[in-house]
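**Q** Dropping the sequence and predicted coords here.
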Amino acid sequence: MTFEEYKRHFEMFGKIDTAEKISVCEQQYQRYLLHMENENYFEPVEDHEDSSIVGRYKQNLCNIFQVDKIKEDQIYLLITPSFEPESLLIIERQKHSYNLVYTKLMESYWTTFYTDNKVADVGRITSSCELKKDIGDSIFKLLTKTIGEARKPEGKKMVLDGTMYRVSAILNGMQKVVSQHSPDESSRSGKVIAILEQLIEIIEHLDSNTLLSIKAKIEALEN
């Protein structure tokens, strides 16, 4: 969005008719640009001991999905919405194809755990399918590049209700974890997440048109 476009949006809430107002508009536009730049990248996750209820919830959730069991040739996508069941997508590279496994909890673990901190597990539903090697290779390449380019956001980042996306893989023998919280759909990270969400949608209903759409989106990100 150009400054002129932002300015027109700004004036929907009041006409810019003083030097002070134009200065405020410019400052907000610079914050907007910084926010959008941050949205292009996932953020490295640094896990640490946290005994708070949120920390214990996150640890239990990782145990439920066994995210530390990740192996070479696998990429994990852990999805934690604010008020809906959490889920995990596993993309596994095989010799001639890729295997997709999607596990979704039957109820929100956060809601259950918040009510009763002793609950350490909930029911789940798992589905899977195979993916052709060529598009699987493209997705794997895109995600390993995304993980490698992850960086800490500049300035303060506000986190409200939404969905947290946590991507992990084994790179150079070590587990690397990155995350992004409800990014703008037009940002690079938002487009990566849209591809992953499409993968989830087609696990049970694989069709060539959706795969072509995913392939086109990957190619657009590579250019």
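**A** Yep, it's here.

**Q** helix or strand for the residue positioned nearest the centre of the chain, which one?
**A** Most central in the chain under C-alpha atoms, centre = their mean is residue 165, positioned 3.0 Å from the mean C-alpha point. Assignment of secondary structure by DSSP states H and E places residue 165 within strand 163-171.

**Q** can you dump the C-alpha coordinates of that strand into CSV?
**A** Only the C-alpha atoms of strand 163-171 are listed here, as CSV (Å, rounded to 0.1, in the frame of the first residue of the first chain):
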residue,chain,number,x,y,z
THR,A,163,-4.2,-18.6,15.1
MET,A,164,-0.5,-19.5,15.8
TYR,A,165,1.3,-21.5,13.2
ARG,A,166,4.5,-23.3,14.3
VAL,A,167,6.7,-25.0,11.7
SER,A,168,9.5,-27.3,12.6
ALA,A,169,12.1,-29.4,10.7
ILE,A,170,15.5,-31.0,11.2
LEU,A,171,18.1,-28.9,9.4
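
**Q** In its sheet, which strands sit next to the following helix or strand past it, and in what direction?
**A** Going down the chain from strand 163-171, the next helix or strand is strand 174-181, by DSSP H and E. Strand 174-181 has its sheet partners listed here by DSSP bridges as strand 43-44 (antiparallel), strand 163-171 (antiparallel).

**Q** State the distance from residue 54 to residue 60.
**A** Going from residue 54 to residue 60 by C-beta to C-beta, to the nearest Å gives 11 Å. C-betas here are computed from N, CA, C, even on glycine.

**Q** Of these two, give the one with the bigger neighbour count.
**A** Of the pair residue 54 and residue 60, residue 60 is the one with more neighbours under other C-beta atoms under 10 Å, namely 18 against 11.

**Q** strand partners of the helix or strand hosting residue 103, parallel vs antiparallel please.
**A** Element membership for residue 103 (DSSP H and E) is strand 97-105. With DSSP bridges as the test, strand 97-105 is paired with strand 87-93 (antiparallel), strand 124-132 (antiparallel).

**Q** Out of those strands, which is closest to residue 181?
**A** Proximity to residue 181 (C-beta to C-beta) singles out strand 87-93 among the strands paired with strand 97-105, at 16.0 Å.

**Q** which residues are in contact with the closest one?
**A** Residues outside strand 87-93 that contact it (C-beta atoms under 8 Å, 6 or more residues apart in numbering) are 65, 67, 73-79, 98-105, 131, 136, 139-140, 143, 196, 199-200.

**Q** pLDDT below threshold where in the protein?
**A** Counting by pLDDT under 70, the chain shows low-confidence ranges at 1-14, 17, 21, 24-26, 28-30, 32-35, 155-160, 204, 206-209.
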